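J.: sequence plus the predicted model coming up.
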Amino acid sequence: MSPPVAPPGWSRWLVPPAALSVHLSIGQAYAWSVFKPPLESALGLSGTQSALPFQLAIVMLGLSAAFGGTLVERNGPRWAMTVALVCFSSGFLISALGAAAEQYWLIVLGYGFVGGIGLGIGYISPVSTLIKWFPDRPGMATGIAIMGFGGGALIASPWSAQMLESFGADHSGIALAFLVHGTAYAVFMTLGVLLVRVPRTARSAAAAGPAAVTGVQVSARSAVRTPQFWCLWVVLCMNVTAGIGILEKAAPMITDFFAGTSTPVSVTAAAGFVALLSAANMAGRIGWSSTSDLIGRKNIYRLYLGAGALMYALIALFGDSSKPLFILCALVILSFYGGGFATIPAYLKDLFGTHQVGAIHGRLLTAWSTAGVLGPLIVNWIADRQEEAGRHGSDLYSLSLFIMIGLLAVGFVANELVRPVHARHHVPAPKEAVDVAARQQPESA
């Protein structure tokens, strides 16, 4: 499947909606928790078992993005979106079969393994194309698309809950809900497949080879050998670990913080807090990434990591004495969490060029897989140990919060160590390409 080239006059503003159709669909992953209680009741699962499909999906997201990134660059966005569509929708259909037959391993296989591959390929599918369409505002462009992944749960959560209420929360109702999900997402993602285009100049450059692309260009193979790549890997991992630590434990955390006060938090209010965090996550993806186009990537990550550490310190020291302070700090942290995801492709473009930025981005997303395990593990394990020791309330989380501050400090240092990539890693430009570029320069230049 060759990349579809935009005809003359094609508006670049049609490409972000194509990317959004994919990211809003695969963003359903953040709404998996809606299915946890019904699955536990219908199939007799523990909380750990019901989380397995989501955990495997996140692991497969990182792995498929890392290993499939080069194929995405080679075959183009339409191929990648088609693969994402087939895998993500098939994952739901396999899960529907598993729920109907009461075979939980099929749900793990479908949603976790097959659907997880769709998550990874779909997540990186529009990145390099958007950067090529918007070289003047790469942070804004990638932020628009990746915002969809953060906001997908805002659509999927109430939709899934309504289906389970209508179809029933037994195994047959869950199977029907999975079936509707798989079918509906296939239709919605098809819109992106049909709409996406690559710019004519980018297609010409791809045909001519990497040397035809101007500026610093680094291949994916060379990028992973640079200290800059690993510094950004640490930056992303630390930022995501800090954000997901609150996101995964949000409802019980705010309940525990104010359980012994005169203003306890109800279950309904805790659910509303989770919805606010999702909105902050989504808003941060477009807001902060667009800001990075104005102030630079290194400066915006200084904000994410430095101010994020300050927010954690305020929660640890004063969070249980002021509910507005707790909520405000948590919202800021989650906006940085989302912003970090959306800004990293533009940071990679600045350092490594557009030649194989999608493949490089895919390899970097292994940091997400690591953080997806590390963040919840830190918060949950320490909270369990503190509870066993007889502590309660905010004391369950104090140590975790200070650990997060330390991790953000590590990320801050890694960001400061980022420097321009050494010329030995650049893709060499043949003399012919240089001569052509020189002849195309205006005489006044």
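T.: Cool, got the structure.
J.: quick one, helices of the stretch 101-250 of the chain?
T.: For the stretch 101-250 of the chain, the helices defined by DSSP state H, counting those that start in this stretch occupy 104-107, 115-124, 127-133, 138-167, 171-195, 200-208, 220-223, 227-247, 250-257.
J.: burial of residue 142, as a residue count?
T.: Per other C-beta atoms under 10 Å, the neighbour tally for residue 142 reads 34. To be clear about C-beta, it is placed using only N, CA and C from the backbone, and glycine gets the same treatment.
J.: OK, contacts around it?
T.: 127, 130-131, 289, 342-343, 345-346 (C-beta atoms under 8 Å, 6 or more residues apart in numbering).
J.: what separates the closest residue to residue 403 other than its chain neighbours from residue 399, distance-wise?
T.: Counting by C-beta to C-beta, 6 or more residues apart in numbering, residue 378 is the residue found nearest to residue 403 once chain neighbours are left out, at 5.8 Å. Distance, residue 378 to residue 399, using C-beta to C-beta, to the nearest Å: 9 Å.
J.: so where is this structure shaky, pLDDT-wise?
T.: Across the chain, the ranges flagged by pLDDT under 70 are 1-2, 47-48, 201-215, 248, 267, 429-445.
J.: please report how far the nearest residue to residue 380 once chain neighbours are set aside lies from residue 378.
T.: In this structure, residue 380 finds its nearest non-sequential neighbour in residue 249, 6.8 Å apart by C-beta to C-beta, 6+ apart. Distance, residue 249 to residue 378, by C-beta to C-beta: 10 Å.
J.: and for residue 16?
T.: Distance, residue 16 to residue 378, using C-beta to C-beta: 35 Å.
J.: before we move on, what about residue 337?
T.: Residue 337 is 15 Å from residue 378, where distance means C-beta to C-beta.
J.: who has more neighbours, those two?
T.: residue 337 (29 against 21).
J.: residue contacts, the closest residue in space to that one that isn't next to it in sequence?
T.: Once flanking residues are discounted, residue 337 sits nearest to residue 243: 2.5 Å by C-beta to C-beta, 6+ apart. Neighbouring residues of residue 243 by C-beta under 8 Å, 6+ apart: 281, 308, 333-334, 336-338, 340, 375.
J.: which of these fall within helices?
T.: Assigned to helices by DSSP state H, the following of the contacts of residue 243 qualify: 281, 308, 333-334, 336-338, 340, 375.
J.: pick out the residue nearest the middle of the chain.
T.: Centroid-nearest residue in the chain: residue 341, 5.5 Å away (criterion: C-alpha atoms, centre = their mean).
J.: if we can go back for a sec, who's in contact with the residue nearest to residue 380?
T.: By C-beta under 8 Å, 6+ apart, the contact set of residue 249 is 376, 379-380, 383.
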